[in-house]
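Q: coords please:
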Amino acid sequence: MSRRLLDDVLRFHGYDISQTGDPLHAFAMLQEHIPDLIIMDIQLPHISGLELTRWIKEDIRLSGIPIVAVTAFAMEGDKQKILAGGCDAYIAKPFNVEDFLHIIAEFIG
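A: Numbering: from 1, shown residues only. Below you'll find the model as predicted:
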């Protein structure tokens, strides 16, 4: 599922979103606004989503934000690696929209 389609699904279900595909810009955005949840793609330009997750979890102001990894990494061991890297949940692409929304609701209702 593309980021654009994911945005549309979340907006349709009443979620307010801010998004960027640039991890450095994402971290800067987090300094200005602390969201209820972060949906993290693991494959990002310049640095990995796991590296960005580490930065977030090391920042005392941001460390409590739940992070849901959305990734094409679906090989054996990927889920464990991603969760051990600081993400609070994991969903592999392609995924069922209802399953995705259920995971989101577990964190922010």
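
Q: Which stretches in the chain count as helices?
A: 3-12, 23-32, 49-58, 78-84, 97-108 (DSSP state H).

Q: Please work out which of the ones you listed is packed deepest.
A: Burial of the helices of the chain is given as mean neighbour count (mean count of other CB atoms under 10 Å); helix 49-58 ranks first at a mean of 18. Yep, even glycine has a C-beta here, placed from its N, CA and C like the rest.

Q: which secondary structure elements does that one contact?
A: Taking 3 or more CB pairs under 8 Å, 6 or more residues apart in numbering; DSSP states H and E as contact, the helices and strands that helix 49-58 lies on are helix 23-32, strand 38-41, strand 67-71.

Q: just so I know, which of the ones you listed lies nearest L10?
A: Nearest to L10 among those is strand 38-41 (8.2 Å), distances taken as CB to CB.

Q: That closest one - what's its average pLDDT?
A: What strand 38-41 shows for mean pLDDT is 94.

Q: How about stretch 46-54?
A: For stretch 46-54, the per-residue pLDDT averages 94.

Q: Roughly how far does the residue sitting furthest away from the middle of the chain sit from A92?
A: Using CA atoms, centre = their mean, the residue of the chain lying farthest from its centre is E76. It sits 20.1 Å away. According to CB to CB, to the nearest Å, E76 stands 12 Å off from A92.

Q: and what of D16?
A: According to CB to CB, D16 stands 26 Å off from A92.

Q: which of the two has more neighbours?
A: Higher neighbour count among D16 and A92: A92, with 15 against 8, using other CB atoms under 10 Å.

Q: Contact partners for that one?
A: If a contact means CB atoms under 8 Å, 6 or more residues apart in numbering, then A92 has 71-74, 78-79 as its contacts.
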